[in-house]
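A.B. asks: give the three-dimensional model of this entry:
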Amino acid sequence: MAGKKTAGPSPEQSREMIEFRDSGIHGMGGFARCEIKRGEKLIEYVGEKITKAEAALRIEADNRFIFTLDDETDVDGDVEWNPARFLNHSCEPNAVAEIIRGRIWVRALRRIRPGEEITYNYSYGFDGHEEHPCLCGSGKCVGYMVAEEFFPKVRRKRRKQAMAKA
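C.D. replies: Down below sits the predicted model:
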């Protein structure tokens, strides 16, 4: 990538790069309209900035679009003007969500081909992971939407459960 970009694409530029339609992973998904280069910012995850206490209440009410921004603030992405909320989780993602200067950006981890679904790892914690089954279907899928650091722990637990059933 030539030079460092500080700003990401505008919503219009994101719409030129990403098409939202039915996904084989889950519900709606975002698909590349064109070839996307490694490192390119694709879309900003936007929404209402809320306190951790308010986020906890909304999660309890089954809001699945809360994104951690920092130690004090979360973003509730369950708003009509946030198409990034439709990007699906994968255990073998082609993108990553990063916080850059107080904003949440989804950036390509590798080259993404036209028509390919854009995914990132939601990086959920281990506690309560069984409440978040994964349907990504990748060769590295661990069956749950957890951060990669928990993959070995989830695999060990699943092996023990399988052996106990046998």
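
A.B. asks: please count neighbours and contacts with C-alpha atoms only from this point.
C.D. replies: Fine.

A.B. asks: where does pLDDT dip in the protein?
C.D. replies: The model of the chain has pLDDT under 70 over residues 1-6.

A.B. asks: if you skip the residues just before and after it, what's nearest to Phe20?
C.D. replies: Gly30 (4.5 Å; C-alpha to C-alpha, 6 or more residues apart in numbering).

A.B. asks: show me the contacts for the nearest residue to Glu130 once chain neighbours are set aside.
C.D. replies: Leaving aside its sequence neighbours, Glu130 sits nearest to Tyr144 (C-alpha to C-alpha, 6+ apart; 6.6 Å). By C-alpha atoms under 8 Å, 6 or more residues apart in numbering, the contact list for Tyr144 reads His129, Glu130, His132, Pro133, Cys134, Leu135.

A.B. asks: so the fifth one touches Gly143, yeah?
C.D. replies: Spelled out, that is Cys134. Yes - contact criterion C-alpha atoms under 8 Å: Cys134 and Gly143 qualify, at 4.9 Å.

A.B. asks: rewinding a little: between the contacts of Tyr144, which is closest to Arg58?
C.D. replies: Closest approach between these and Arg58, by C-alpha to C-alpha: His132, at 16.6 Å.

A.B. asks: the closest one and Met145 touch, don't they?
C.D. replies: Yes - counting by C-alpha under 8 Å, His132 touches Met145, with 5.7 Å between them.

A.B. asks: so what's the residue nearest to Glu130 bridging to?
C.D. replies: Pro133 (DSSP bridges).

A.B. asks: what residues of the helix ranked longest in the chain count as buried?
C.D. replies: In the chain, with assignment by DSSP state H, the single longest helix is helix 151-165. Residues of helix 151-165 classed as buried: Phe151, Val154 (neighbour count, 16 or more other C-alpha atoms under 10 Å).
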